[in-house]
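S.K.: got a sequence here, can you model it:
(one chain, ligands or ions: 2)
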Amino acid sequence: MTILRSVSLIGAPTDIGAGARGASMGPEALRVAGIREALQSHGVDVQDRGNLNGPYNPWLPPVDGYRHLAEVTAWNQAVHDAVYAELRQGRMPILLGGDHCLGLGSISAVARHCREAGKKLRVLWLDAHADFNTSELTPSGNIHGMPVACLCGFGPKELVGMGGFSKESPAISPKWVRQIGIRSVDEGEKRFVHEQDLEVFDMRYIDEMGMRHTMELALATLDANTHLHVSFDVDFLDPAIAPGVGTTVPGGPTYREAQLCMEMIADTGLMASLDVMELNPALDEKNKTGLVAVDLIESLFGKSTLMRK
Ligand SMILES: NC(=[NH2+])NCCC[C@H](N)C(=O)O
Ligand SMILES: [Mn+2]
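M.R.: Ligands and ions are numbered 1, 2, ... in the order given. As a prediction, this is how the structure comes out:
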């Protein structure tokens with residue numbers, strides 16, 4: 001039940017899977033917002049591994065339902081390798097995105113590590129979107145709308161196969177995923193989410209049942225042998241507190257709801273890897289969104305805003 005106290009920051013400065021340019025500046029904005037110092041103040045050993053490299057963004061239209069598939073693959077392979085290397089060293093990788101297509105590289109590395117270590121995996125997907133599109137369903141071709149589907153085996157072989165997985169034996173099962181904060185799902189994508197039985201706690205659910213009950217369910221049935229991965233798309237948050245993202249959707253969790261969400265994750269002591277995705281400084285206001293993201297990450301590492309010890 002101990003949180004890994006050795007963390008490695010991995011920057012992935014690209015917006016290759018997104019529908020707006022600018023998430024490529026996310027890693028630096030998180031550093032400027034003080035992510036390293038914030039974690040250190042909670043006793044975490046932090047190594048900043050710097051930024052990964054990859055192809056530039058050619059900004060082309062989709063081909064066969066995918067935008068920039070070759071470039072997305074190259075970036076994800078770099079992320080996969082870097083995340084996997086940290087896990088092998090017993091360190092906790094924190095991926096600084098970059099757009100959410102990179103969740104594929106990150107989580108496939110986590111899944112590979114768990115498979116080898118005989119660990120169970122639970123993925124918490126904090127997002128406004130389900131990111132469960134396929135090339136047939138996508139309205140945009142933007143691959144940041146597809147990583148969850150790819151991880152579950154539905155996508156191009158370049159992405160589905162990363163880490164030695166395949167359509168027959170994908171990186172994760174939909175059963176391992178809990179999505180929280182969802183409020184924008186495309187029509188075909190919605191059908192597919194139901195078909196695959198993804199467990200989605202959408203905003204209507206959070207409105208009616210509250211964040212506490214939501215997180216109790218999302219974190220139920222974890223045990224000491226579970227690797228908890230958190231994929232935090234900053235657009236999970238209400239745009240009032242987090243305007244600096246490419247695909248804002250109104251009606252997200254408030255500051256307090258988000259804090260409670262993070263604190264309850266921290267209470268499990270099981271978080272072993274994290275993605276912080278989609279921060280877009282070009283759309284932000286004086287790095288306000290970067291700062292709120294860092295504040296919430298502190299809560300994931302046990303900062304309590306209240307009178308708790
Ligand atoms: N990670 C994200 N911000 N995803 C947004 C996806 C938006 C939309 N569902 C699409 O497929 O284009
Ligand atoms: Mn997302």
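S.K.: now do the contacts for the closest residue to ligand 2 within the stretch 151-300 of the chain.
M.R.: Taking CB to the ion, ligand 2 has its nearest neighbour within the stretch 151-300 of the chain at Asp233, 3.6 Å off. C-beta here means a position set from N, CA and C on the backbone, and glycine is covered the same way. Listed by CB atoms under 8 Å, 6 or more residues apart in numbering, the contact set of Asp233 reads His100, Trp125, Leu126, Asp127, Ala128, His129, Asp131, Val245, Met277, Glu278.
S.K.: and the two most separated of the residues you listed?
M.R.: Trp125 and Val245 (15.4 Å; CB to CB).
S.K.: for Arg36, which non-adjacent residue is spatially closest?
M.R.: Val46 (5.0 Å; CB to CB, 6 or more residues apart in numbering).
S.K.: wait, I meant Asn280
M.R.: Closest residue to Asn280 apart from its sequence neighbours, by CB to CB, 6+ apart: Gly22 at 4.0 Å.
S.K.: now for Ala124, which secondary structure element holds it?
M.R.: Small correction: residue 124 is Leu, not Ala. Per DSSP states H and E, Leu124 falls inside strand 120-126.
S.K.: state the mean pLDDT of whatever helix or strand comes next after that strand.
M.R.: Remark: after strand 120-126, the chain's next helix or strand is helix 147-151, criterion DSSP H and E. The pLDDT scores in helix 147-151 average 99.
S.K.: from the contact counts, what lies against helix 147-151?
M.R.: Other elements packing on helix 147-151 under the criterion 3 or more CB pairs under 8 Å, 6 or more residues apart in numbering; DSSP states H and E are helix 103-117.
S.K.: contact partners for the residue in the stretch 51-200 of the chain positioned nearest to ligand 1?
M.R.: Ligand 1 sits closest to Gly145 of the stretch 51-200 of the chain, with a gap of 2.3 Å, by CB to the nearest ligand atom. The neighbourhood of Gly145, defined by CB under 8 Å, 6+ apart, consists of His129, Asp131, Asn133, Thr138, Asp186, Glu189.
S.K.: now do the contacts for the nearest residue to Glu136 once chain neighbours are set aside.
M.R.: Leaving aside its chain neighbours, Glu136 sits nearest to Gly65 (6.5 Å; criterion: CB to CB, 6+ apart). Neighbouring residues of Gly65 by CB under 8 Å, 6+ apart: Thr134, Ser135, Glu136, Thr138, Gly141.
S.K.: could I get those as a markdown table with pLDDT, distance to Leu52 and neighbour count?
M.R.: Putting the contacts of Gly65 into a markdown table (pLDDT from 0 to 100; distance: CB to CB, whole Å; neighbours: other CB atoms under 10 Å) gives the following:
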| residue | pLDDT | distance to Leu52 | neighbour count |
| --- | --- | --- | --- |
| Thr134 | 98 | 26 | 18 |
| Ser135 | 98 | 25 | 18 |
| Glu136 | 98 | 30 | 9 |
| Thr138 | 98 | 25 | 20 |
| Gly141 | 98 | 23 | 21 |
